[in-house]
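Student: Whatever this is, show me its structure:
(chains A, B and C)
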Amino acid sequence: MKKTPTVGEILQAKGVSRRGFLKYCATTASILALPPSMIPRIAKAIENARRPSVIWLSFQECTGCTESLTRSASPTVEGLIFDAISLDYHHTLQAAAGDQAEAARHAAMEENDGSYLVLVDGSIPLANPGYSTIAGISNVDMLKETVAGAAAVVSIGSCAAFGGIPGADPNPTGAVSVMDIVTDKPVINVPGCPPIPMVMTAVLTQFLTFGTLPDLDKHGRPMAFYGKTIHDRCYRRPFYEQGRFAETFDDEGAKAGWCLYKLGCKGPITYNACATTKWNSGTSFPIESGHPCLGCSEPNFWDKGGFYEPLSTGKFDSGTKLAGAAAAGVALGVVAAAAGRRKQSKFAREG
Amino acid sequence: MTTVDGRHTLDREAERLAYKPPEVRHDKQGDMGSKERIDKAMWNFLKDFNTQTASYLDGCLHCGMCADACHFHVRTDDPQYTPIWKIELFKRTYKRNVGPFAFFYRLLGLKRKVTIEDLEEWQHLIYDSCTVCGRCSLVCPMGIDVAGLVSMARHGMFKAGLIPHELHEVAKKAAETGSPLGITPDKFEERVEWMADEHDVEIPLDVEQADVLAVMSSIEIQKYPQSIAATAKILNAAGESWTFRKDGFEATNFGLLSGNPDWQKAASMKLIDAAIKIGAKTLVLPECGHAYMALRWMGANMYGKPLPFKVLHISEYLADALNTGKIKVKKVDTSVTYHDPCQVSRRGGATQAARDVIKHLGVDFREMEYGGDYNWCCGGGGGVVTITRADPLRHRVFKLKMDQVEKTEADELLSSCANCRQSFDDSQQHFGWDYTMGSLMEMVAENLEEGKS
Amino acid sequence: MDLLEFARGPALQWAAYILVAGSIWRIVGILLLKEKSDFSEPRKRAGLSAALKVIYTRSFTAQPFARATMYPKMMAYVQHIGLFAVVFLFVPHIMFFEGFLGFEWPGLPNSIIYVFGVAAVVASLALLIRRVTSPVLRLISNFDDYFSGFVAILPIATGLLIPVRMGFRYEDLLAIHILSVALFMIWLPFGKLGHVFLVFITRGTTGMAFERRGAKT
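Tutor: This is a model prediction of the structure:
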């Protein structure tokens, strides 16, 4: 077997300075909420890490997660780290196709049995496996086959984590999430539509450094990034408290950057790092750009009431049913009054 | 009535004025079985229920504010005298039988059925400790006429044969003889003749046709017969064509007080028939409180259609007559305070009339604190003054009146209800109090200007 | 379906049906009982205007009773006004109403709403304490009184808890808050909370009856 170079060797070969590398480790330690004393440990771990084998499975997805994770305006250390990982199988990024691609997958699975990571984006259709196949293999079969020897599975994006848009009502393909199928391996959910790139790499870095999975919340999401709501970290929160809300997308309040609750912001129930870590290397995030949070890192966010319906709107049914209830009330009242009057007549007669 | 005789020095803080609960007496009439009594009590309470009364029993919030308005509770701090508590058994039965959710109340046993012990215990709450004065009805934030509900409860209690004995006897006498004190028409005639003689005043009796029918209360006929003469003086001075009638002279209505609608109707109809017979345009009621409520506001409903004549309380008649100059009075040089009878002022709506009369009398008028529509009840109305076991309670409550009157420092105390007068007289004797209640009508009669007598 | 979806969806829907059906049942059941005709000659005309007058004036205690009833009256006012402010002047609630009414109105800043909410809860507790300590109220109070009080305090208390969190997740607290509102809506027609609509009937009928006699209302 060829000896894979360490991550440190690769970085050096690519001209990353020691200083630049340590800066990356410091940033990573910081966003993982680790003390500075951990920086050397992270550095050592990454430097000496053999490039772990990563098999990336893409199912019913839009490729947005891959786009997010690989997008870089200029070569960034994240991008390079990503390069440094032995990405042995990825539909969009791999050069091979057809039988050769499948062969590469199987080779990676055999060589790294028990230690490779499976990353998944896209949901898995169960209504008819034929809805989504690769090389003639259904998604569900490929998933089961590939995770059999995996160390852990990471669901990238809301489709893999929770079913995503294919799984939204009426879910014609019977789409399910990875964790609905994989129950015997550790699964980390990194939801978002798409997820923040830094979150992805930080999760991998944690795995590389400690060989363990991060603390997860009840939806299997890393607490470090999904532990607080957008609402609790949003810079527009003071406006919420003051009662200053944008009523439309371009009124004075919107221009002044007021709270977007009335325009449907799902910030209060959405757990993600958008408000702090932001997007495009900290440039902005939807709320800062003037659009209410969609809640895209939450399960079933597509079906949780309209994006532009305020969070406190009830999901009432039709007015017809309510009119029916009113009619029922009238009927019951009439019956009760009639019964009461009949009793009164009886009392008058026999009293 | 109290049997205590003689005066005793007034010592308000003394032990003897401590409140004693009424002796436990469960009066019963007739020999019905318990179940029959319970049924009769509940049925006769419920049979006249309508939207208004139903909403009352459904709408009570148990806020307890009615207790703060009731003289019986205020003077004893006994929570059982909370006005709405007096209705509790009947509230339960309403919810079980006539309320909108009655079916479910019965099905799920959400309210206990009323027992005979309950009803016996409640007798003194409904009769001894309620004068139907209506203060509770004014304080209730939901606007519930609690006093009216007690009257309805009495309908049930009467038919169940569970009313205080004295009240029953008095009401029965009234039903049988036409007067609670057994004053027959002939006895009435005797008294009329006596008063005509004694006061040298012409008193028409049994005239065939007259514009005005005047009536009296047995209390006045028996205890304050000068009222007969005073009434005559006034009506004569006003130049009315008027008469008393032997076939319709009794204004009191113990059917109303005891809770027997049949007896109530019978008593009212006597007056109505007499007025119609003589073609009266006006029926003048005497100084009596519940007589006003019985005829002015409930009479037409007993009759089944609008009355063909006007009904006036004597104080209203006097106000009218004085305001229009039909009669004139001399100015009286004294200071006066006025005790409003509950059924005439607060419940009856004739509060202003007495004040017009007082104004014409030219006295130094001192309104009591909480006078007028919010006046404290004399404690003897609603039949309470007839119930001997309630005497200690009634006397205890009377302290409110004594304080209220004394605060005005007025020379004279007037009212326009003979039952209040009776209650005041009794308590005056009990406490050795130095105020004697006078009659507004008598003061007018005594001070008529250039009146023919 | 998670708890929040259930709370906002089926729970609120069914609560609305029960609220509407139950309230109308109770009102119709009372309104369709016998009508009392009165043949006595009225002293004053007393129609709808009399009813409306007393519906308004009975909100205030008459002077002679004011001192004796001051404490519970004040507490009840603080409770009701606090509840009104919290329900109708908190922007997320306003958006809730806008969802089915189609129109909205201005609200107050959250901090002020919070003060009203705390005041309402404190007043409610004060009244509850009075209910168990006053001899009059101990005698006359029943299950309905205590349960209605509990059901009314719960939405305010759970709502106040949401910004405080206390270690719970926002969506869980929101779900429980909405469920407590659903419980309130379900209980309202059947117990003494029904006074929200009964008050018009009780005060109105008394107003008409008393005004007719020229009696004090």
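Student: For A:Asn272, list the residues it contacts.
Tutor: Residues near A:Asn272 by C-beta atoms under 8 Å, 6 or more residues apart in numbering or on different chains: A:Pro191, A:Gly192, A:Ile196, A:Phe225, A:Tyr226, A:Ile230, A:Cys296, A:Ser297. (Glycine included, C-beta is placed from N, CA and C.)
Student: Turn those residues into a markdown table, columns for secondary structure and neighbour count.
Tutor: Shown next, in a markdown table, are these (DSSP: H, G, I helix; E, B strand; the rest coil; neighbours: other C-beta atoms under 10 Å in any protein chain shown):
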| residue | secondary structure | neighbour count |
| --- | --- | --- |
| A:Pro191 | coil | 29 |
| A:Gly192 | coil | 27 |
| A:Ile196 | coil | 23 |
| A:Phe225 | helix | 27 |
| A:Tyr226 | helix | 25 |
| A:Ile230 | helix | 27 |
| A:Cys296 | coil | 22 |
| A:Ser297 | coil | 31 |
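Student: which one among the residues you listed gets closest to chain C?
Tutor: A:Ile230 (10.4 Å; C-beta to the nearest C-beta).
Student: Now for the nearest residue to that closest one once chain neighbours are set aside, how many residues are close by?
Tutor: For A:Ile230, ignoring the flanking residues on the chain, the nearest one in space by C-beta to C-beta, 6 or more residues apart in numbering or on different chains is A:Gly267 at 3.8 Å. Around A:Gly267 there are 28 other residues, counting by other C-beta atoms under 10 Å in any protein chain shown.
Student: Get me the contact residues on chain A for chain B.
Tutor: Chain A comes close to chain B at residues A:332-333, A:336-337, A:339-340, A:343-344, A:346-348, A:350-351, as judged by C-beta under 8 Å from any C-beta of the partner chain.
Student: Tell me which residue of the stretch 151-300 of chain A lies closest to chain B.
Tutor: Counting by C-beta to the nearest C-beta, the stretch 151-300 of chain A gets nearest to chain B through A:Gly243 (32.9 Å).
Student: Now do the contacts for that residue.
Tutor: Contacts of A:Gly243 (C-beta under 8 Å, 6+ apart): C:Val91, C:Gly107, C:Leu108, C:Pro109, C:Asn110.
Student: before we move on, the earlier item: now, which of the residues of chain A next to chain B lie close to chain C?
Tutor: Checked against chain C using C-beta under 8 Å from any C-beta, those give the following subset in range: A:Leu332, A:Gly333, A:Ala336, A:Ala337, A:Gly340, A:Gln344.
Student: show me the contacts for the last one.
Tutor: Right, the one you point to is A:Gln344. With contacts defined as C-beta under 8 Å, 6+ apart, A:Gln344 is in contact with B:Leu46, B:Lys47, B:Asp48, B:Phe49, B:Val98, C:Lys34.
Student: again with the second one
Tutor: A:Gly333 makes contacts with B:Pro100, C:Ile24, C:Trp25, C:Arg26, C:Ile27, C:Val28, C:Gly29, C:Leu31, C:Leu32, as judged by C-beta under 8 Å, 6+ apart.
Student: try 6 Å
Tutor: Counting by C-beta atoms under 6 Å, 6 or more residues apart in numbering or on different chains, A:Gly333 touches C:Trp25, C:Val28, C:Gly29.
Student: What number of residues are in the vicinity of the closest residue to C:Arg165 other than its chain neighbours?
Tutor: Spatial nearest neighbour of C:Arg165, chain neighbours left out: C:Leu173 (7.1 Å); criterion: C-beta to C-beta, 6+ apart. Applying other C-beta under 10 Å, we find 19 residues neighbouring C:Leu173.
Student: now the helix or strand hosting C:Leu173, how far from the chain's geometric center?
Tutor: Here C:Leu173, judged by DSSP states H and E, is contained in helix C:170-187. Mean C-alpha position of helix C:170-187 versus that of the full chain (C-alpha atoms, centre = their mean, to the nearest Å) differs by 17 Å.
Student: Mean confidence (pLDDT) on it, please.
Tutor: The pLDDT scores in helix C:170-187 average 95.
Student: immediately after it, which helix or strand?
Tutor: helix C:195-212.
Student: who does that following helix touch, helix- and strand-wise?
Tutor: helix B:51-59, helix C:48-57 (3 or more C-beta pairs under 6 Å, 6 or more residues apart in numbering or on different chains; DSSP states H and E).
Student: ok, now which ones touch the spatially most central residue of chain A?
Tutor: Note on chain A: the residue nearest the mean C-alpha position is A:Pro191, at 0.7 Å, using C-alpha atoms, centre = their mean. The contact partners of A:Pro191, taken as C-beta under 6 Å, 6+ apart, are A:Ser158, A:Ala161, A:Ser297.
Student: sec struct for the nearest residue to A:Cys234 once chain neighbours are set aside, please.
Tutor: Distance criterion C-beta to C-beta, 6+ apart; nearest residue to A:Cys234, sequence neighbours excluded, is A:Ala275 at 4.9 Å. Assigned with DSSP: H, G, I helix; E, B strand; the rest coil, A:Ala275 falls in the coil class.
Student: Please, where are all the helices along the stretch 251-351 of chain A?
Tutor: For the stretch 251-351 of chain A, applying DSSP state H, counting those that start in this stretch gives helices covering A:252-255, A:319-350.
Student: possible to save those helices as a markdown table with mean pLDDT?
Tutor: Formatted as a markdown table, those follow (pLDDT from 0 to 100):
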| stretch | mean pLDDT |
| --- | --- |
| helix A:252-255 | 96 |
| helix A:319-350 | 90 |
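Student: For burial, what's the neighbour tally of B:Lys35?
Tutor: 9.
Student: May I have the residues that are in contact with the nearest residue to C:Met75 once chain neighbours are set aside?
Tutor: Leaving aside its sequence neighbours, C:Met75 sits nearest to C:Ala123 (C-beta to C-beta, 6+ apart; 4.6 Å). C:Ala123 makes contact with C:Met75, C:Val78, C:Gln79, according to C-beta under 6 Å, 6+ apart.
Student: got a list of what the nearest residue to B:Gly134 once chain neighbours are set aside touches?
Tutor: With sequence-adjacent residues excluded and distances taken as C-beta to C-beta, 6+ apart, B:Gly134 is closest to B:Ala147, at 4.3 Å. Neighbouring residues of B:Ala147 by C-beta under 6 Å, 6+ apart: B:Val132, B:Gly134, B:Ser137.
Student: ok, now which ones touch the second one?
Tutor: By C-beta under 6 Å, 6+ apart, the contact list for B:Gly134 reads B:Ala147, B:Cys342, B:Arg346, B:Arg347.
Student: any idea which helix or strand carries the first one?
Tutor: Spelled out, that is B:Ala147. According to DSSP H and E, B:Ala147 maps onto helix B:146-159.
Student: Determine the set of other helices and strands touching the helix or strand just after that helix.
Tutor: Sequence-wise, the next helix or strand downstream of helix B:146-159 (DSSP H and E) is helix B:165-177. Applying 3+ C-beta pairs under 6 Å, 6+ apart, one finds that helix B:165-177 makes contact with helix B:254-258.
Student: Excluding residues flanking it in the chain, which one is nearest residue 92?
Tutor: This is for chain A. Using C-beta to C-beta, 6+ apart, the closest residue to A:Thr92 is A:Thr66 (5.2 Å).
Student: that's the wrong chain, I meant chain C
Tutor: Using C-beta to C-beta, 6+ apart, the closest residue to C:Pro92 is A:Ser312 (3.9 Å).
Student: wait, what's in contact with the one you found?
Tutor: C:Pro92, C:Met95, C:Phe96.
Student: how much space is there between it and C:Glu104?
Tutor: Using C-beta to C-beta, to the nearest Å, we find A:Ser312 at a distance of 12 Å from C:Glu104.
Student: That concludes my questions; thank you for your assistance.
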